[in-house]
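Trainee: Kindly generate the corresponding structure for this input.
(one chain, ligands or ions: 2)
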Amino acid sequence: MKVTIVGAGNVGATCADVMAYRGIASEIVLLDIREGFAEGKALDIMQCATNTGFNTKLTGVTNDYSKTAGSDVVVITSGIPRKPGMTREELIGINAGIVKSVAENLLQHSPDAIFVIVSNPMDTMTYLAFKSLGLPKNRIIGMGGALDSSRFRTYLSLALNKPANDISAMVIGGHGDTTMIPLTRLASYNGIPVSQFLSEEQLAKVAADTMVGGATLTALLGTSAWYAPGASVAYLVDSILNDQRKMIACSVFVEGEYGQNDICIGVPCIIGKNGVEEIVDVKLNDAEKALFAKSADAVRSMNDALATVLG
Ligand SMILES: NC(=O)c1ccc[n+]([C@@H]2O[C@H](COP(=O)([O-])OP(=O)(O)OC[C@H]3O[C@@H](n4cnc5c(N)ncnc54)[C@H](O)[C@@H]3O)[C@@H](O)[C@H]2O)c1
Ligand SMILES: O=C(O)C[C@H](O)C(=O)O
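Mentor: Residues are numbered from 1 along each chain as shown. Ligands and ions are numbered 1, 2, ... in the order given. Prediction:
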């Protein structure tokens with residue numbers, strides 16, 4: 001199976017590295033606009049093969065979309081990341097034009113591909129890809145919830161002092177500092193509600209830390225994170241290519257689900273060979289429903305800015 005990743009920067013290259021290392025795809029093409037950059041990243045990753053034992057074929061190209069032809073999955077990470085003090089939403093002015101043109105180029109060469117959108121503001125970039133490509137909604141997937149949920153599980157693991165893989169927890173809603181909704185009520189440690197082990201104050205802190213997880217890393221690193229984002233994309237692509245039907249919170253176009261229409265927002269999805277196989281209807285309580293509606297309003301207002309930005 002062939003995967004193209006556009007943007008060979010921090011997230012794109014990490015994603016290629018994890019996918020190669022884990023043998024998720026037989027072929028990976030890395031494409032970047034910066035001359036020689038994707039070629040260099042691909043060559044560097046290729047030279048891990050003998051020491052880590054993978055056989056994935058890697059190709060790096062400078063803006064040559066003919067090499068991406070026939071991809072089963074395409075991942076868009078091209079665009080600028082935020083700097084400390086910025087929100088993801090502030091990236092819309094530069095990233096919207098990049099994501100639109102990259103998505104259109106990819107579709108020309110891979111008409112059957114499933115699109116995974118990573119560039120920020122991710123929910124709006126996913127909506128833009130959905131509206132401009134005219135593909136069925138199961139083939140446009142925004143990656144954010146996989147990452148936010150892994151951060152939620154990490155912070156729960158630190159608070160509980162238990163392994164993250166023993167913890168089940170999900171974040172839905174928008175992929176923004178104030179729009180994420182960590183579903184604390186439904187989080188569990190080996191099936192036992194985490195509220196049996198952590199106080200309300202501890203749980204509130206875990207949720208707050210999760211919501212600003214990306215901003216915390218941006219402040220520490222000077223640019224936004226890449227290891228967990230790259231691994232989260234690989235996790236999502238694995239579920240598609242290997243038809244794993246994992247439940248992953250993804251930003252997808254909703255038509256009535258969770259009371260919303262005409263936006264892409266994070267909801268629990270079954271992810272398999274057709275992309276989004278199903279949106280899972282989790283029974284939210286009234287407080288969670290109110291948070292979801294507020295999150296959707298914020299995502300919608302960012303989508304409204306697209307018309308101005310794209311002219
Ligand atoms: N959805 C998420 O969970 C998530 C997580 C992390 C980062 N991000 C976003 O992903 C994006 C990339 O982050 P990064 O840290 O990898 O940034 P980066 O600067 O390291 O890499 C971005 C790459 O995109 C390339 N690029 C720019 N315009 C291009 C074009 N038209 N065609 C091809 N390539 C182009 C750049 O040359 C650069 O190499 C940012 O918008 C960031 O906010 C999203
Ligand atoms: O924080 C960012 O800007 C990048 C990404 O969305 C993340 O959550 O790491």
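
Trainee: Going by C-alpha atoms from here, please, whenever you check contacts or count neighbours.
Mentor: OK.

Trainee: which residues does Lys246 contact?
Mentor: Ser239, Cys269, Ile270, Ile271, Gly272 (C-alpha atoms under 8 Å, 6 or more residues apart in numbering).

Trainee: what do you get if the cut-off is 6 Å, keeping everything else the same?
Mentor: Ile270, Ile271 (C-alpha atoms under 6 Å, 6 or more residues apart in numbering).

Trainee: State the distance from it to ligand 1.
Mentor: According to C-alpha to the nearest ligand atom, to the nearest Å, Lys246 and ligand 1 sit 18 Å apart.

Trainee: Could you pull out the helices in the stretch 51-200 of the chain for me?
Mentor: 92-109, 122-133, 145-160, 200-211 (DSSP state H, counting those that start in this stretch).

Trainee: Any part of the longest one near ligand 2?
Mentor: Spelled out, it's helix 92-109. No: using C-alpha under 6 Å from any ligand atom, we find that helix 92-109 stays clear of ligand 2, coming within 11.7 Å at best.

Trainee: which residues are contacting stretch 123-130?
Mentor: Against stretch 123-130 from outside (C-alpha under 6 Å, 6+ apart): Ile117, Gly142, Cys264, Ile265, Asn303.

Trainee: Relative to Ile94, which of those residues is nearest.
Mentor: Checking the contacts of stretch 123-130 against Ile94 with C-alpha to C-alpha, the nearest one is Asn303 at 14.4 Å.

Trainee: Helix or strand: which one has that closest one?
Mentor: Secondary structure from DSSP states H and E places Asn303 in helix 286-310.

Trainee: can you check Cys264 too?
Mentor: strand 261-272.

Trainee: buried set for that strand?
Mentor: Ile263, Cys264, Ile265, Gly266, Val267, Pro268, Cys269, Ile270, Ile271, Gly272 (16 or more other C-alpha atoms under 10 Å).

Trainee: Ok, stretch 57-66 next?
Mentor: For stretch 57-66, by 16+ other C-alpha under 10 Å, it's Leu58, Thr59, Gly60, Val61, Thr62, Asn63, Tyr65.
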